[in-house]
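Engineer: Let's see this in three dimensions:
(chains A and B)
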There are 2 protein chains.
Amino acid sequence: MDAQIIAIGSELLTPARIDTNSLYLTERLARRGIDVVRKVVVGDDQSRIAREITTARANSQVVIVTGGLGPTLDDLSREGAAEALGREMHFEPKILGWIEERFKRYNRTPSENNKRQAFVIDGAEILENPNGTAPGLYFEDASGALMLLPGPPRELKPLFETECEPRLDRLPSPYAYHTHSLRITGLGESDVDQRIGPIYAAETRAVTTILSSPGDIQLHVRGRADTTDDARSIAEAVAARVSEELGSHVYAQQNESLETVVGRMLVERGLRLSLAESCTGGLLAERMSRAPGSSNYLFGSFVTYDADAKTSWLGVRRETIEKFGAVSEECAREMAERARDAAGGPGRAVGISITGFAGPGGGTEEAPVGTIFIGLADAGETRVLRRHYGGDRERNRSMAATVALDMLRRRLAPQS
Amino acid sequence: MDAQIIAIGSELLTPARIDTNSLYLTERLARRGIDVVRKVVVGDDQSRIAREITTARANSQVVIVTGGLGPTLDDLSREGAAEALGREMHFEPKILGWIEERFKRYNRTPSENNKRQAFVIDGAEILENPNGTAPGLYFEDASGALMLLPGPPRELKPLFETECEPRLDRLPSPYAYHTHSLRITGLGESDVDQRIGPIYAAETRAVTTILSSPGDIQLHVRGRADTTDDARSIAEAVAARVSEELGSHVYAQQNESLETVVGRMLVERGLRLSLAESCTGGLLAERMSRAPGSSNYLFGSFVTYDADAKTSWLGVRRETIEKFGAVSEECAREMAERARDAAGGPGRAVGISITGFAGPGGGTEEAPVGTIFIGLADAGETRVLRRHYGGDRERNRSMAATVALDMLRRRLAPQS
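Structural biologist: Below is the predicted model:
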């Protein structure tokens, strides 16, 4: 069984926007053993949309259309799909009711255009969208399944998982699949690939996919067999061998973020996290506060961007900065200790600090651009890591935050 | 004149990789008034590649194929294009010479496979690639231009600019183009569309594109005329009418972020920014520190996630939180004033605060989930905005940061 993804929207044909929904959909489909064989992006043009859907359905059993379900006149996915299927559309009062209810919550009334979203292709199932006004549509016939989903990821993702995946699972497929995911940090993609290549090459019943972002790698091992139990055994056996090879670089045996793992460890140890950030400018705090419930472990962060903020807010000694500079091991050490002490002190809080030259400007002879110090202060010895990356500001900030989280994870891990 | 881009490579159909070359190509083509009307990604399959090229050439005058020119057996763009064009290929010793020379520099010898890269479609021009072994190919006939370019961006970009653009400029094109961009905040996409629709509908010589993200809209107006000067006049006239209609919601007459605009205003007024964030968890500071040089205006941020951090770090009075709650107008007011005072006080610093229930948990009767207070304290009267969004945590955080920046922009704007 294979799939094609058609992303609709003239904005996706500008230099400013890219279709990233297809990455998410590809990953979700891969878990079910459905490979994406083609992706298309077209503008808001009914006959083009119709043509793309017809072509895709002629070649693949699953076709997913994203975007073009909004209220404006150039949102034409519904019309294009109806044209491709040779079907009419009808007005569905239930949908208008949902839309009106949604607007009422914000004390607004729907515009005339919003009524367009209440039209449904004859024979299609309506997928209720709790996060937006555009419902999804699902259509199935002898040539396979056609799904129309809203473009915004926060609408598309829950709709796909709750409404589409159960329907996909009911499509006839000769195999059962199981995906085991691992998360890895502290190794580059090519290092990982080189070390684990022999492991996954030895098991032809599993397909391994590596997704990498700076400092963080997702590894998905998909096992295929006649039964789900066998598929699970295959995937888990490969994942176990990979975990053994990569050791403590593997930080999760499921697809969860480093922030989530570290947050759980902090709760288990009854510690709260207190940060002192300079070059990351709040990025680490922002990441640690993304998950709901993060108030259970995040106390706060001193984002001391200016040197004066480091001294007056955090209490870093002026002599330290004058003597060693704000980007120094000594400054990172004091920042971490002050942050810890401002949140209850050793035993109650862990302090993490980040100070560096993210670039492109700044830097000194001792600490050129790209130099970053990361400090950790808890009830034990305060440690400071020194790292050096290139001149890319965004990457430096992101890597610094990831390395800080990994340093904390290793400190909190049970000693083996 | 319009274009289609076909990206070749099975790796681009995995969750790990996305075709970003098309963004670059779209931008370069737009400057020449060539719109990309369709993008396709297909795997390494000769007949699929041939089919895509045939379809694209039937509808667009310019077709660009990226990737699939490597030495391995699954690099099949050359073969696919030859099939689509109904032409043979021939071996070109000159190319093998380039490849051998390139390998010599790294003390290596080409493999047998590299010889595949020396095959050329009959009638195509060879585009020498100084950054890799795969030369590009350029073919032109009555139905338009077909370009085959290597996938790695550092090879593709110089090759496109030095070899393809001059050839594109020789293609007959009747028009000149100019694009004027605007940035808008504080209005939803459908509001903007409704208000400015009549303006851009009245000027058929301009094409208007709206790109929206939560709280922020990019509007690109591209004028078309016989000369560049006329094209500029057309685009600017539409942009001026849009600006008049939307008034102070337009925050930039070029494609720059709200952070950049606010940063510049702070520098002009000799003020530094000091933040006190709760539910945004550092997001506002992170956004304000993204741009290089942000240390010229960002002093720091107290990310006081825990109520105790609000009192002990910032100095918010305990009674305020006990009486009104941490999510209240009173708390937001004190947070903004304390942040301002911690960075030099009125006249020297502006304090901005954000406190709210980002969700999905939390909330009280007076301040249900989604309620956010944003405070601003400078040398004048302290103001607090109350906003309410839905239950989506990520959106709430993002909207709160954007509204805070816009509040600051309006305060700093010269009074008209």
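
Engineer: which residues in the stretch 201-350 of chain A form helices?
Structural biologist: Along the stretch 201-350 of chain A, the stretches classed as helices by DSSP state H, counting those that start in this stretch are A:228-246, A:258-268, A:283-288, A:307-309, A:318-324, A:329-341.

Engineer: Deepest in the core, which of these is it.
Structural biologist: Comparing the helices of the stretch 201-350 of chain A by mean neighbour count (mean count of other C-beta atoms under 10 Å in any protein chain shown), helix A:283-288 comes out on top with a mean of 29. All C-beta spots, glycine's among them, are computed from the backbone N, C-alpha and C.

Engineer: For that helix, name the packing helices and strands.
Structural biologist: Packing contacts for helix A:283-288, counted by 3 or more C-beta pairs under 8 Å, 6 or more residues apart in numbering or on different chains; DSSP states H and E, involve helix A:258-268, strand A:272-277, strand A:298-304, helix A:393-412, helix B:283-288.

Engineer: closest one to A:Gly362 among the helices of the stretch 201-350 of chain A?
Structural biologist: The closest of the helices of the stretch 201-350 of chain A to A:Gly362 is helix A:307-309. By C-beta to C-beta, the value is 12.1 Å.

Engineer: Tell me the helices and strands packed up against the closest one.
Structural biologist: If you count contacts as 3+ C-beta pairs under 8 Å, 6+ apart, helix A:307-309 packs onto strand B:298-304.

Engineer: The strand it packs on to strand A:298-304, inter-axis angle?
Structural biologist: Strand B:298-304 runs at 170 degrees relative to strand A:298-304, counting by axes from the mean of the first three to the mean of the last three C-alpha atoms, to 10 degrees.

Engineer: In its sheet, which strands sit next to strand B:298-304, and in what direction?
Structural biologist: strand A:298-304 (antiparallel), strand B:272-277 (parallel) (DSSP bridges).

Engineer: quick check: angle from it to helix B:258-268?
Structural biologist: Calculated by the same axes, to 10 degrees, strand B:298-304 forms an angle of 120 degrees with helix B:258-268.

Engineer: got the angle for strand B:298-304 vs helix B:329-341?
Structural biologist: Going by the same axes, to 10 degrees, strand B:298-304 makes 140 degrees with helix B:329-341.

Engineer: which parts of strand B:298-304 are buried?
Structural biologist: Within strand B:298-304, the residues that count as buried by 16 or more other C-beta atoms under 10 Å in any protein chain shown are B:Leu298, B:Phe299, B:Gly300, B:Ser301, B:Phe302, B:Val303, B:Thr304.

Engineer: Reformat those residues into CSV and put pLDDT next to each item.
Structural biologist: Listed next are these as CSV, based on pLDDT from 0 to 100:
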residue, pLDDT
B:Leu298, 98
B:Phe299, 98
B:Gly300, 98
B:Ser301, 98
B:Phe302, 98
B:Val303, 98
B:Thr304, 97
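
Engineer: which one in chain A is furthest away from the centre?
Structural biologist: Residue farthest from the centre of chain A, counting by C-alpha atoms, centre = their mean, is A:Glu319 at 41.9 Å.

Engineer: Kindly report the residues of the stretch 201-350 of chain A close to chain B.
Structural biologist: Contact residues (C-beta under 8 Å from any C-beta of the partner chain) of the stretch 201-350 of chain A with chain B: A:209-212, A:220, A:272, A:275, A:277, A:280-286, A:288-290, A:292-295, A:298-306, A:308-309, A:312-313, A:342-343.

Engineer: Please report phi then psi for A:Leu69.
Structural biologist: Backbone geometry at A:Leu69, expressed as degrees, to the nearest 10, gives phi -110, psi 10.

Engineer: can you count the residues close to the residue lying closest to it once chain neighbours are set aside?
Structural biologist: Spatial nearest neighbour of A:Leu69, excluding adjacent residues (C-beta to C-beta, 6 or more residues apart in numbering or on different chains): A:Ala134 at 3.8 Å. Residues lying near A:Ala134 (other C-beta atoms under 10 Å in any protein chain shown) number 29.

Engineer: Same question for A:Gly215.
Structural biologist: Neighbour tally, A:Gly215, other C-beta under 10 Å: 21.

Engineer: Wait, it touches A:Met399, no?
Structural biologist: Yes - A:Gly215 lies in contact with A:Met399 (C-beta atoms under 8 Å); the separation is 5.1 Å.

Engineer: Please work out how many residues are found near A:Asn129.
Structural biologist: For A:Asn129, the count of nearby residues is 24 (other C-beta under 10 Å).

Engineer: Now do it against A:Leu156, distance only.
Structural biologist: 9 Å (C-beta to C-beta, to the nearest Å).

Engineer: where do the contact lists of those two overlap?
Structural biologist: Residues touching both A:Asn129 and A:Leu156 (C-beta atoms under 8 Å, 6 or more residues apart in numbering or on different chains) are A:Pro150.

Engineer: Low-confidence ranges, chain A, go.
Structural biologist: Scanning chain A for pLDDT under 70 picks out the ranges A:415-416.

Engineer: For B:Ala379, which of the helices and strands packed on helix A:283-288 is the nearest?
Structural biologist: Nearest to B:Ala379 among the helices and strands packed on helix A:283-288 is helix B:283-288 (20.2 Å), distances taken as C-beta to C-beta.

Engineer: What lies in contact with that closest one?
Structural biologist: By C-beta under 8 Å, 6+ apart, the list of residues contacting helix B:283-288 from outside reads A:280-283, A:285-286, A:303, A:305, B:259, B:262-263, B:273, B:275, B:277, B:294, B:297-298, B:300-301, B:303, B:352, B:354, B:397-398, B:400-401, B:404-405.

Engineer: Using PDB, write out every CA atom in it.
Structural biologist: The C-alpha coordinates for helix B:283-288 follow below in PDB (Å, rounded to 0.1, in the frame of the first residue of the first chain):
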ATOM      1  CA  LEU B 283       9.500  32.900  24.500                       C
ATOM      2  CA  LEU B 284       9.400  36.700  24.300                       C
ATOM      3  CA  ALA B 285      13.000  37.100  25.400                       C
ATOM      4  CA  GLU B 286      14.000  34.300  22.900                       C
ATOM      5  CA  ARG B 287      12.300  36.100  20.100                       C
ATOM      6  CA  MET B 288      13.800  39.500  21.100                       C
END
